[in-house]
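In: Predicted model and sequence follow; I will ask about them next.
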Amino acid sequence: MLAVSSIAGIGCLAGCHGWTSSVALSRSDESETDEGDDSLGLVYSKSRTSFPSEGETHSGWVHIVSDGESADLTFDVRLCSELGDVEPELTRSVANEFVLRFTVTSGFSSETSSGGKTGESRCGSVTHLVGGADVPSDWETLTVAVNDVEIQTIERSGTMPELRPLPDPVRPR
């Protein structure tokens, strides 16, 4: 319950104002996985809002910081609803490399429009995800991907926190 409260607090701090629509709180639990499964626990909230919301300024991001025994990973991302349903997952790919993957039901190519620029695809509404997880403190690389398309890679640089922008919103091309 503490993790759920923390994520709700992160969402409020990140400027998540559109929670008047349905909000789904989910958790993938690592305690129920087999030894061969490299999926890690992830807590997140999901909401659907119009884009852009009136008076809203937003910028997607992913943040990871080592704090002794583990590293705290948080993210705030909006994906165009045209991409379909979206589910986030955090996995260990090899050794100390991790992947935060947003699996969407429709196609997504490596050429995306980012920022507030008008691209070939318009977003009438977005799926907004805010979440977090713990990863081992010896992490080396975190890759953020939509389906199998990489949109950001973070390499650890000592004990400094790492904050990286994500496209806002993530759009189909």
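Out: Good, I have the coordinates.
In: Beta-bridge partners for residue 46, please?
Out: Listed by DSSP bridges, the beta-bridge partners for residue 46 are residue 24, residue 129.
In: neighbours of it, just the number please.
Out: 19 (other C-beta atoms under 10 Å). In short, each C-beta sits where N, CA and C put it, glycine included.
In: isn't it right next to residue 126, touching?
Out: No: checked against C-beta atoms under 8 Å, the pair residue 46 and residue 126 is beyond contact range at 10.8 Å.
In: Just confirm residue 92 contacts residue 133, I think it does.
Out: No: contact status for residue 92 versus residue 133: not in contact, 11.4 Å apart, counting by C-beta under 8 Å.
In: Neighbour count for those two, which is higher?
Out: With neighbours defined as other C-beta under 10 Å, residue 92 and residue 133 compare such that residue 133 has more, 25 against 16.
In: quick one, what contacts the more buried one?
Out: With contact set as C-beta atoms under 8 Å, 6 or more residues apart in numbering, residue 133 has these partners: 40, 41, 42, 43, 73, 90.
In: Next up, the contacts around residue 122.
Out: Under the criterion of C-beta under 8 Å, 6+ apart, residue 122 has no neighbours.
In: do you know how far it is from residue 86?
Out: As for residue 122, its distance to residue 86 is 18 Å (criterion: C-beta to C-beta, to the nearest Å).
In: in the protein, which spans are helices?
Out: Under the criterion DSSP state H, helices of the chain are mapped to 2-13.
In: Any idea which helix or strand in it has the lowest mean pLDDT?
Out: For the chain, using mean pLDDT, DSSP states H and E, the weakest element among its helices and strands is strand 23-28, scoring a mean of 40.
In: so what sits against both of residue 92 and residue 133?
Out: Each of residue 40 lies in contact with both residue 92 and residue 133 under the rule C-beta under 8 Å, 6+ apart.
In: pretty sure residue 48 is in contact with residue 124, am I right?
Out: No: here residue 48 does not reach residue 124: they are 10.8 Å apart, not a contact under C-beta under 8 Å.
In: which one of the two has more residues nearby?
Out: residue 48 (16 against 9).
In: so where's the protein shaky on pLDDT?
Out: 1-39, 53-56, 110-121 (pLDDT under 70).
In: ok, which stretches of it are strands?
Out: In order along the chain, the chain carries the following strands (DSSP state E): 23-28, 39-40, 42-50, 60-66, 70-80, 86-94, 97-104, 125-136, 141-146, 149-155, 162-166.
In: Any chance you could list what contacts the last one?
Out: Residues from elsewhere that reach strand 162-166 (C-beta under 8 Å, 6+ apart): 59-65, 75, 77, 142, 144, 151-152, 154, 156.
In: which of these sit farthest apart?
Out: Farthest pair in the contacts of strand 162-166 (C-beta to C-beta) is 59 and 156. Separation: 22.7 Å.
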